[in-house]
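**Student:** No letters, just coordinates:
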Ligand code: PFF
């Protein structure tokens, strides 16, 4: 098929470069930091089971749809949806769905950046040998003293934000592709090292049971909502990121297999993180539901006990910084592309403007761990509310719009041609899931969680 459009921002060098960049966007704090603690807060195995179901029924079909929309529209999500709507003879108001996605990325970034700052702070703590021989109590204290200090959090948050702005301002160059190329496999090896450590801890069977033997009595509608939100968050869906990255994808790449590879890699890393972290939680009698601090309180204990622990700790938290960093860049990119395409900003101006707004809004999250701890809205602190609003509400809503737009409004023949999927059966299966199962699942979960049904 002849090339219709090109993105003004360039194109990935190959399908693998895209897979790497998209996997870099997907694999991040969501897998190693968030997945274990939300699993701990929502009943273990039952949460994992629902999470996996969400990946298959919602994650993969939507990932395919988003990449296809991006590659077809080749612009920021709002313009891409508008153009595709035009070509399919449907309402151009669909651009507002794309516009919502552009907003949600920077909103997530306001807190994601703060947490990425924690990981950077931990690289330096590891470097100073602070974890050597510590017990659970000391580990907890190290973490709590970090989040109690607004100054420290602000400092690390600023460092990450400045780095993100610099990279985005320069464009996504070969440097990033190469960095991810080295960093992702190294992180995987280190994660496996921790899993092996966990296996020897004597609590590995308990962990397997906790993660893979679902206890249906722990099933709650809010747990299902969190699992769905986590699937969206972890795959970076409905933030415009995947659509934006898809816009730079060469036309001959297979969308379907690419989406499956990214989803499998992302899910694998999350499960490995669970297998690494829970043995340490059980061995040290830590609270599984202790929340966002879970990995920061558990992993240092493991590092503190293993030979060359400080070295491995530095490496591990550094990898986590990089994993987070490949995601922070991707969270900023759709908004930056929008400002360039719609308002004719230079890339540098766009990156600085969005970066500054995100940095400022990050104060809310920073203060919610210390001086603003007692400020509550709808039963959540600022960080909790932002997380709930973005991951559990805005992302599934965006996903719902993508499913309806792609499978109900776009012309089937148009879609088929855009996807270049030669396997008719696969296309048909995907189409049916995206048309009926994914949006209905999202609606039911929403309705249940909001107590409408
Ligand atoms: N998927 C990333 C993670 O799991 O850490 C977080 C994320 C990145 C969410 C980019 C959304 C996004 F657009």
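**Tutor:** On my side now, so go ahead. If you're wondering where the values come from, they're calculated on a predicted model, not measured in any experiment. Numbering: from 1, shown residues only.
**Student:** For the ligand, what is the nearest residue in the protein?
**Tutor:** Nearest to the ligand in the chain, going by C-beta to the nearest ligand atom, is residue 30, at a distance of 2.1 Å. (C-beta placed from N, C-alpha, C; glycine too.)
**Student:** Which residue, neighbours along the chain excluded, lies closest to that residue?
**Tutor:** residue 234 (4.2 Å; C-beta to C-beta, 6 or more residues apart in numbering).
**Student:** and that neighbour, what is it in contact with?
**Tutor:** 26, 30, 31, 34, 35, 266, 267, 270 (C-beta atoms under 8 Å, 6 or more residues apart in numbering).
**Student:** Pull the most distant pair out of these.
**Tutor:** Greatest spatial distance among the contacts of residue 234 (C-beta to C-beta): 34 and 267, at 13.6 Å.
**Student:** Could you give the number of residues near residue 255?
**Tutor:** For residue 255, the neighbour count with other C-beta atoms under 10 Å is 24.
**Student:** Okay, helices next: where are they in the stretch 1-150 of the chain?
**Tutor:** Along the stretch 1-150 of the chain, counting by DSSP state H, counting those that start in this stretch, helices occupy 15-26, 29, 35-41, 45-54, 60-73, 77-87, 95-127, 136-147, 150-170.
**Student:** any idea which of the ones you listed is most buried?
**Tutor:** Greatest average neighbour count among the helices of the stretch 1-150 of the chain goes to helix 60-73 (a mean of 27), per mean count of other C-beta atoms under 10 Å.
**Student:** before we move on, the earlier item: just want to know which of residue 34 and residue 267 has more residues nearby.
**Tutor:** Set residue 34 next to residue 267 and count neighbours by other C-beta under 10 Å: residue 34 wins out with 25 against 22.
**Student:** so that one makes contact with residue 229?
**Tutor:** No. The pair residue 34 / residue 229 is not scored as a contact, 9.9 Å apart, by C-beta atoms under 8 Å.
**Student:** helix or strand for residue 333, which one?
**Tutor:** Per DSSP states H and E, residue 333 falls inside helix 309-343.
**Student:** Is that helix in proximity to the ligand?
**Tutor:** Yes. Legend: contact between helix 309-343 and the ligand by C-beta under 6 Å from any ligand atom is shown at 327, 330, 331.
**Student:** what's the neighbour count on the last one?
**Tutor:** Okay, so that is residue 331. Neighbour count for residue 331, taken as other C-beta under 10 Å: 27.
**Student:** and it, how far is that from residue 350?
**Tutor:** Separation of residue 331 from residue 350 (C-beta to C-beta, to the nearest Å): 14 Å.
**Student:** and what of the second one?
**Tutor:** When C-beta to C-beta is applied, the distance between residue 330 and residue 350 equals 15 Å.
**Student:** Likewise for the first one?
**Tutor:** Spatial separation of residue 327 from residue 350 under the definition C-beta to C-beta is 19 Å.
**Student:** low pLDDT regions in the stretch 1-150 of the chain?
**Tutor:** For the stretch 1-150 of the chain, the stretches with pLDDT under 70 are 1-4, 9-10.
**Student:** hang on, I meant the stretch 201-350 of the chain
**Tutor:** Using pLDDT under 70, nothing in the stretch 201-350 of the chain is flagged.
**Student:** Residue numbers of it in contact with the ligand?
**Tutor:** Contact residues (C-beta under 6 Å from any ligand atom) of the stretch 201-350 of the chain with the ligand: 233, 234, 236, 239, 241, 327, 330, 331.
**Student:** Now tabulate these in CSV and tack on distance to residue 47.
**Tutor:** Putting these into CSV (distance: C-beta to C-beta, whole Å) gives the following:
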residue, distance to residue 47
233, 14
234, 13
236, 20
239, 22
241, 24
327, 22
330, 25
331, 25
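**Student:** out of those residues, who has the most neighbours?
**Tutor:** When neighbours are counted by other C-beta under 10 Å, residue 239 leads those with 33 neighbours.
**Student:** Next, give phi and psi for it.
**Tutor:** Taking degrees, to the nearest 10, you get phi -110, psi 0 for the backbone angles of residue 239.
**Student:** Report the contact partners of it.
**Tutor:** Listed by C-beta under 8 Å, 6+ apart, the contact partners of residue 239 are 101, 104, 105, 108, 331, 334, 395, 398.
**Student:** ok, now how distant is it from residue 410?
**Tutor:** 21 Å.
**Student:** Am I right that residue 390 is in contact with residue 106?
**Tutor:** No. Contact criterion C-beta under 8 Å: residue 390 and residue 106 do not qualify, at 10.1 Å.
**Student:** Residue 242 contacts residue 66, doesn't it?
**Tutor:** Yes. Between residue 242 and residue 66 there is a contact under C-beta under 8 Å: 4.3 Å.
**Student:** How about stretch 326-341, which residues are buried there?
**Tutor:** The neighbour-count check on stretch 326-341 (16 or more other C-beta atoms under 10 Å) flags 326-341 as buried.
**Student:** Actually, stretch 290-299.
**Tutor:** So stretch 290-299, judged by 16+ other C-beta under 10 Å, has buried residues 290, 292, 293, 294, 295, 296, 297, 298, 299.
**Student:** Can you name the residues in contact with it?
**Tutor:** The contact list for stretch 290-299, computed with C-beta under 8 Å, 6+ apart, reads 32-34, 36-37, 40-41, 115, 118, 122, 136, 139-140, 143-144, 146-147, 194, 273, 276-277, 280-281, 284, 286, 288, 313, 316, 383.
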